[in-house]
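Chemist: build the 3D model from these lines:
(chains A and B, ligands or ions: 4)
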Amino acid sequence: MSQTGASEPRDPHEDERPRMRAVVGSTRIEEEIFGRAFDGRVVRRIWEFVSPYRRKVWIAVAAVLVFTLSQLTIPLLISVAIDRGMVPGAPNGLLIGIVALFALAIGVNYIAALVQERVTGQMAEDVLFDIRRKMFSHLQRVSLSFMDKTEVGRLMSRLQGDVNSMLEFLETSIQSVGDIALLIGIVAVMLWLDWQLAVLVLLVLPVLFGVRVLWLTKARAAFMAAHEANSVTNGALAEAIHGVRAVQAMGRAPLNAELYSGLVGRTYRAQLRASKLAQIMIPIVDSLTGIAMATVVVAGGLMVVSGRIEVGVMVAFLFYIQRFFDPIRSLTMQYSVMQRAMASGHRLTEVLDVEVDVTDAPDAVPLGPEDDGSVEFRGVTFGYDPKHPVLKDVSFRVASGERVALVGPTGSGKSSSISLIHRFYDVQEGTVLVGGRDVRSVTQESLGRHIAMVLQEPYLFTGTVMENIRYSSHWASDADVIEAATAVGAHEFIEAMPGGYATRLEERGSNLSLGQRQLLSFARALVADAKILVLDEATANIDSYTERQIQKALERLLEGRTGLVIAHRLATIRNADRIVVLQQGRKIEEGDHDALMAQKGLYSKLYDLNYASFDDLPEAVTDADRAAAT
Amino acid sequence: MTAPQQPAAPAERAFRRTAEIDSRQGVGAVARITRMCFRYPWRAGLAFAATVPAVLMQLAIPVILGRAVDSTLAMGGDSPDVRALVLIALTLLAASVLRGLFTLVQNYAAESVGHALAQDMRNAIYDKILRLPFSFHDRTHSGDLITVGMLDLEGVRMYFSTALVRTLLLTLLISVGAWMLLSTNLVLGLFALSFVPFAAWRSSVMRLTLRRTWLILQEKLGVLSQVMEENLAGIRVVRAFAASDHELAKFDVASKDALDLSHQRIDVRVRNTSAMTLAFFAAMGLVLLFGGRMVAAGEITVGTLATFLTFMTILQMPVRQLGLMVNAYARASTCGTRLFQLLDMPVEIDDAPGAKELEVTEGTLRLDNVGFAYPAAGDRRAVSGISFEAKRGETIGILGAPGAGKTTLMHLIPRFYDVTEGAITIDGQDIREVTLASVRQAVAVVQQDSFLFTTTIENNIAYAAPFTEEGRIRGVAESAQLHDYVLGLPQQYRTVVGERGVSLSGGQRQRLSIARTLMMEPAVLIFDDSTAAIDAGTESRIRGALRDYAKDRVTLIVAHRLASLKHADRILFLEDGRVVEQGTHEELLALGGRYTALHDLQMHRDTDVPDQTEDAR
Ligand SMILES: Nc1ncnc2c1ncn2[C@@H]1O[C@H](COP(=O)(O)OP(=O)(O)OP(=O)(O)O)[C@@H](O)[C@H]1O
Ligand SMILES: Nc1ncnc2c1ncn2[C@@H]1O[C@H](COP(=O)(O)OP(=O)(O)OP(=O)(O)O)[C@@H](O)[C@H]1O
Ligand SMILES: [Mg+2]
Ligand SMILES: [Mg+2]
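Modeler: Ligands and ions are numbered 1, 2, ... in the order given. Presented below is the predicted three-dimensional model:
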């Protein structure tokens, strides 16, 4: 490459700013991973989901307790067998009797384990699926202003990752009831067997707890760092996958790989550190176990020799010590599971509690077929951020059956206006009326059926062409779908595809041309069979010829329906009954084509730019005109 | 409907998660991962080396305990041999500490092999994904790729510690343990070990069953997450059609499927693990019964019995873990298969061997009888027989109906796809024979369906050249008529645009992608319908600003608004992938063909178009 695209200065150290521009993925720190171990509010919210399964919870807890009891009995029985059943001269039946008791204990143990694990496991799954459904259905209602600000990936990680860590928590929390019971049981049994030896052995406990507490603070930071580094790296991977076409087109692949490699290295180091900290606990616990056993050997041995205790007690102690550290280990594990779960639970409730600003009023009525298809803006002021309105005091009216066009320079608020008709957002001032009623006084559901929209950005779902055009209009027959597809001129190319209407569309319809996608989303709106049809640049990516064909076909199909059309290509709208011109959020002109042309305002200038004479160079437009046009 | 409707073409989708495993490939994958683990010979060796003493210490403990019990019993009541007891206690302590230390080394070394492997794999995956051509990404769902990069990577990462090292650990533990038991007392040893075959078998069968159902579950969860993800990404459509009931119904179907299966899995797991525990305790009962008799008969000591029982407790865990180990192999084989499938995927569009950099001298772009068919579309060609030449400073306009092949043609020039017929050359060099990076640098496209990154406006504009000066960012933003808008924003160039640019209007998005493409200073600049959402006024200002810029390069403009095209030095009219008319604006008007019809339509003369609703019937 000689003359063009001279390679960029690749010295990132000369200035702070450029270095910050070279990033992959989101560098925003993920929210806290470990919450407080116990958060009453979160627990209450989660309990709402658990309480339908209350009976199962009690069954599981009862089973856990029975299970623990049987676990405790087993070493005890062994010790009795050694001390009573095996001494020379013991009655022959005694050993058999003890073993029979042993058999009973393991039978109970078996059934209790079966019941407990199954009930817990299945209940935890049920609860989690319920939570996920609740979240998902809540997300169907939260305002778009929230959705605009929130990345899909983030929500997905709530719906998946966080839900899973709650699952882990629920499953293990019933187990930890058992662990606590076991711990208490073991301590009690040891104290009962010989309190002095027991106290001696239990001296290691405070040490263990002390060490663990010290360790946890350090380990937690390391785990958190590893988790965060990992999720940042995964986020960057997801970005690369979604944006791969842009990355390749702009030749960023090598640089991105380098940057990503930096992230990966960071993750590697953080994970190694977390591993190290997780493993460091093993020799400590093992040493403490060793100390406890050594204590039993020396002190217990002396006691046996002096005849204070029997050897079976000593064996039982050695058994209990080995069992003893398991619940402690799993309880401390459980502690961090619990912290993680609280953080996850917190994020889940955050989603569940996202305020729905746009709700049906308590006395909302459905818009019915008897309501007409009129649309009216009355002094509407609206801004995504109320401080910066994008629509200012806009008023216009579209009578039922009328065809009105909305035009204006880019960013003037056209798409925003139609979002308001559908009540995607609520206005700050004024009123939007559909069918003569304030949109805030009707149900959103019925509003949705009253209005069909073709959005500026066509979005198609993975699935067949047929499914995509029909979408949620279950009443539409195949013939209706084909009729709509024919009207928008899509029938021909659909039929030409290998599977016809059964052809599978890939993600976002990427195996179609953009114009074709637009046609399908147009057909989808037609099938919905609504009173009001809103077209936001529905034919922007379609040539005028095809567009004209569509218009002709629609004339019949849309007889008596209201049409609201946004277009930059003014030929698209020349048949409109009325034209509303927006500029910087204000309505500046309104009237039919001829009236507006006569007015010699913005419309006529825009129109001239488009079509007047092809010999008329755009430079002929004065700077003032340009300023006016944008 | 004319053509008979065929069933949906078999969804040829790479990396769809399925429960089908090709076992031969799986074995190959496992072997390959194993080989890769030994890229870190020191750490891997250390992990193995530490396993042996860890196992020996683990096994020494019950022996020492037995010794302790026996020597306690052997002591007379009056003369306790404290020294002997302390000695045993110290040995016990030493064994415990050593066991802990060696386990630490073994686990840490093993995990670090896994992390190192993951590090290499992650970089390789990322690299590969960015190198694989558009055609690959067309047929692969992003969600599936993400799972390969996250879930499958985990499966491979865990392989060394949970499969390989554990194999050594369990083999040693079980065989040495069994040998010790049997050599102490054959009969009692046999009783003690009686649960091992049953537990080993159950646990392996269970793990394999769980593995299979896990894969099916993954498939179902994949459907569920696709439903959720597409719903959230398409939330505006969902809202526009008030289709939340429809979406919830889709969700419920997918969710119920997954839930049923996970219940079933829990059932399998619980039943098997409880059966294994029962078998273990039953064997223990046998040892207790018969061992007790032997003790009573004086054949063995209580200490020996205690050793036996402790051994059994120690053996129980590894026997249960056999299942985990089997599972780790199964997991590595499926995850590895998919991962290697990705890593080994041939990069169809890559530098030819010995390719040189593209040298742009004259800056002439030439297409020679170019044809292309999408792999998914069989032999139906999206474009064919296209030839033209454009010199530096020239502008070529392209128009045609939706699906005519305009985008396809534009994507051939930067080599997003390779032509299937003919050739594209820049200054006489076939773009397939020079390096890909230099072609991409020489040809810049404003894509029709452009992807904006969830970052600031500034980062988006400077995407192609992040180390550029601030002034240039302003410059291109001004050319794209974006600057004034940006200045009106509270955070100006640092405003974050939202996911895929949601917080921008359609026209603002398009101007942002024009700006970031201008950053590239290419020899061939392509606008693929990238002013459709921009009003004529703004567009003409952009064109004005680019007048000088266009002198140094070839410009290709795809557009539907004739005003955007009429200045072009040549206009190509595409239909069904072929050029049906070409010439300057005047020449085409004189021709009186399709272009003229389009012109008349836009010029507000009522032209009659055939009614296609009639045609199709
Ligand atoms: N979701 C959003 N959040 C915040 N601001 C937004 C959002 N959508 C649009 N805007 C801003 O509101 C203003 C009006 O945008 P709108 O989409 O209504 O314009 P438009 O008239 O449809 O333009 P175009 O012709 O380019 O599509 C723009 O400045 C835009 O940046
Ligand atoms: N990734 C793909 N896989 C298979 N077929 C495709 C793919 N992309 C496009 N096609 C098909 O190839 C043909 C040409 O598409 P192309 O995108 O080039 O059209 P276009 O002229 O750009 O149309 P538009 O004006 O709608 O953008 C269409 O029939 C389209 O369905
Ligand atoms: Mg818009
Ligand atoms: Mg296209």
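Chemist: what residues does chain A have near ligand 3?
Modeler: A:Ser415, A:Gln456 (C-beta under 5 Å from the ion). To be clear about C-beta, it is placed using only N, CA and C from the backbone, and glycine gets the same treatment.
Chemist: now do 8 Å
Modeler: Residues of chain A lying close to ligand 3 (C-beta under 8 Å from the ion) are A:Thr410, A:Lys414, A:Ser415, A:Ser416, A:Gln456, A:Asp536, A:Glu537, A:Ile566.
Chemist: and the last one, its phi and psi?
Modeler: For A:Ile566, the backbone dihedrals (degrees, to the nearest 10) come out as phi -110, psi 130.
Chemist: touching, it and A:Thr410? I think so.
Modeler: No - if you go by C-beta atoms under 8 Å, A:Ile566 and A:Thr410 don't touch, sitting 11.2 Å apart.
Chemist: now the residue in chain A positioned nearest to ligand 4. Nearest residue, chain neighbours left out?
Modeler: Across chain A, the shortest distance to ligand 4 (C-beta to the ion) belongs to A:Ser513, at 4.5 Å. If the residues on either side of it in the chain are set aside, A:Ser513 comes closest to B:Gly403, at 4.8 Å by C-beta to C-beta, 6 or more residues apart in numbering or on different chains.
Chemist: mind listing what the one you found touches?
Modeler: The neighbourhood of B:Gly403, defined by C-beta atoms under 8 Å, 6 or more residues apart in numbering or on different chains, consists of A:Phe493, A:Leu512, A:Ser513, A:Gly515, A:Gln516.
Chemist: ok, now B:Asp120?
Modeler: By C-beta under 8 Å, 6+ apart, B:Asp120 lies in contact with B:Met36, B:Arg39.
Chemist: now do the same for the residue lying closest to A:Gly368 once chain neighbours are set aside: its pLDDT.
Modeler: Using C-beta to C-beta, 6+ apart and skipping the chain neighbours, the partner closest in space to A:Gly368 is A:Ser446 (7.2 Å). pLDDT, A:Ser446: 85.
Chemist: measure A:Ser446 to ligand 2 for me?
Modeler: Distance, A:Ser446 to ligand 2, using C-beta to the nearest ligand atom, to the nearest Å: 34 Å.
Chemist: can you tell me the element that residue falls in?
Modeler: According to DSSP states H and E, A:Ser446 maps onto helix A:444-450.
Chemist: now do the buried residues in the helix or strand encompassing A:Glu483.
Modeler: For A:Glu483, the element it lies in under DSSP H and E is helix A:478-487. Of the residues in helix A:478-487, A:Asp480, A:Val481, A:Ile482, A:Glu483, A:Ala484, A:Ala485, A:Thr486, A:Ala487 count as buried by neighbour count, 16 or more other C-beta atoms under 10 Å in any protein chain shown.
Chemist: could you report the pLDDT at the fourth one?
Modeler: The one in question is A:Glu483. For A:Glu483, the predicted pLDDT is 84.
Chemist: what does the first one give?
Modeler: With respect to pLDDT, A:Asp480 scores 85.
Chemist: ok, B:Thr408 next?
Modeler: Predicted confidence (pLDDT) for B:Thr408: 90.
Chemist: which secondary structure elements does the helix or strand hosting B:Leu572 contact?
Modeler: For B:Leu572, the host element (DSSP H and E) is strand B:570-575. Packing contacts for strand B:570-575, counted by 3 or more C-beta pairs under 8 Å, 6 or more residues apart in numbering or on different chains; DSSP states H and E, involve strand B:381-390, strand B:395-400, strand B:578-583, helix B:585-591, helix B:594-602.
Chemist: that strand and ligand 2 in contact?
Modeler: No - counting by C-beta under 6 Å from any ligand atom, ligand 2 has no neighbours in strand B:570-575; the shortest distance is 6.5 Å.
Chemist: pull that strand out as CSV, backbone CA atoms only.
Modeler: Extracted in CSV, the C-alpha atoms of strand B:570-575 (Å, rounded to 0.1, in the frame of the first residue of the first chain):
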residue,chain,number,x,y,z
ARG,B,570,-21.3,5.2,-15.2
ILE,B,571,-24.5,3.6,-13.9
LEU,B,572,-25.1,-0.1,-13.8
PHE,B,573,-28.6,-1.4,-13.6
LEU,B,574,-28.7,-4.9,-12.1
GLU,B,575,-31.4,-7.3,-12.5
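Chemist: and the angle from it to strand B:395-400?
Modeler: 20 degrees (axes from the mean of the first three to the mean of the last three C-alpha atoms, to 10 degrees).
Chemist: the nearest residue to A:Asn230 once chain neighbours are set aside in helix, strand or coil?
Modeler: Nearest non-adjacent residue to A:Asn230, counting by C-beta to C-beta, 6+ apart: A:Thr267, 5.4 Å away. Judged by DSSP: H, G, I helix; E, B strand; the rest coil, the three-state class of A:Thr267 is helix.
Chemist: what's the local residue count around B:Ile526?
Modeler: 26 (other C-beta atoms under 10 Å in any protein chain shown).
Chemist: for it, name its beta-bridge partners.
Modeler: Counting by DSSP bridges, B:Ile526 forms beta bridges with B:Val445, B:Leu556.
Chemist: go ahead and confirm it touches B:Gln448.
Modeler: No - taking contacts as C-beta under 8 Å, B:Ile526 lies outside contact range of B:Gln448: 10.1 Å.
Chemist: okay, and the common contacts of the two?
Modeler: Common neighbours of B:Ile526 and B:Gln448 (C-beta under 8 Å, 6+ apart) are B:Val558.
Chemist: pLDDT weak spots in chain B?
Modeler: B:1-23, B:76-80, B:320, B:323, B:537, B:603-617 (pLDDT under 70).
Chemist: circling back: got the phi and psi for the residue of chain A closest to ligand 4?
Modeler: Residue torsions, per degrees, to the nearest 10, at A:Ser513 are phi -80, psi 160.
Chemist: residues touching it, list them.
Modeler: Contacts of A:Ser513 (C-beta under 8 Å, 6+ apart): B:Pro402, B:Gly403, B:Lys406, B:Thr407, B:Thr408.
Chemist: may I ask which helix or strand encompasses the fourth one?
Modeler: Per DSSP H and E: B:Thr407 is located in helix B:406-412.
Chemist: which helices and strands does that helix pack with?
Modeler: strand B:365-373, strand B:381-390, strand B:395-400, strand B:524-528, strand B:554-558.
Chemist: so which of those gets nearest A:Val285?
Modeler: Closest approach to A:Val285 among the helices and strands packed on helix B:406-412 is made by strand B:524-528 (63.7 Å; C-beta to C-beta).
Chemist: ok now that closest one, how far from the chain's centre?
Modeler: 31 Å (C-alpha atoms, centre = their mean, to the nearest Å).
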